[in-house]
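Asker: coords please:
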Amino acid sequence: MTAAAQKRLFEQALALPKRARARLVKKLLDSFEPAEERIPRKEWNKAWKTELEKRTADIDNPKVKWIPWEQVRSELQAKYGFKR
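Answerer: Predicted coordinates:
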């Protein structure tokens, strides 16, 4: 696909209603992982619930060291060389 065709496709995708864009994003993300390797939604939701509960508990834990977003962003930019 040419760069011009990709640009047109991207512009068309951006013109879609919000829900249609969300469905498109899900399909694109799903395309990176074969169906047989995907985690069932119920299992995925359970894992995220557990992770969110852990992170919520960490908020009040004085042993957890919080890193400011500016520092994280700077380190990621230095490591991966991207700029915004």
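Asker: find the centremost residue of this protein, please.
Answerer: In the chain, the C-alpha nearest the mean C-alpha coordinate belongs to residue 29, at 9.3 Å (CA atoms, centre = their mean).
Asker: what's the longest helix along the chain in contact with?
Answerer: Secondary structure of the chain per DSSP state H: the longest helix is helix 41-59. The contact list for helix 41-59 (CB atoms under 8 Å, 6 or more residues apart in numbering) reads 39, 64. C-beta coordinates here come from the backbone N, C-alpha and C atoms, glycine included.
Asker: kindly export it (C-alpha atoms) in PDB.
Answerer: The C-alpha trace of helix 41-59 is given here as PDB (Å, rounded to 0.1, in the frame of the first residue of the first chain):
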ATOM      1  CA  ARG A  41     -12.200 -11.800  28.400                       C
ATOM      2  CA  LYS A  42     -13.300 -13.200  31.700                       C
ATOM      3  CA  GLU A  43      -9.800 -14.200  32.600                       C
ATOM      4  CA  TRP A  44      -8.500 -10.800  31.300                       C
ATOM      5  CA  ASN A  45     -11.000  -8.900  33.400                       C
ATOM      6  CA  LYS A  46     -10.100 -10.900  36.500                       C
ATOM      7  CA  ALA A  47      -6.400 -10.200  36.000                       C
ATOM      8  CA  TRP A  48      -6.900  -6.500  35.500                       C
ATOM      9  CA  LYS A  49      -9.200  -6.400  38.600                       C
ATOM     10  CA  THR A  50      -6.400  -8.000  40.600                       C
ATOM     11  CA  GLU A  51      -3.800  -5.600  39.200                       C
ATOM     12  CA  LEU A  52      -6.000  -2.500  39.900                       C
ATOM     13  CA  GLU A  53      -6.600  -3.700  43.500                       C
ATOM     14  CA  LYS A  54      -2.900  -4.100  44.000                       C
ATOM     15  CA  ARG A  55      -2.200  -0.600  42.500                       C
ATOM     16  CA  THR A  56      -4.900   0.900  44.600                       C
ATOM     17  CA  ALA A  57      -3.400  -0.600  47.800                       C
ATOM     18  CA  ASP A  58       0.000   0.700  46.700                       C
ATOM     19  CA  ILE A  59      -1.200   4.200  46.800                       C
END
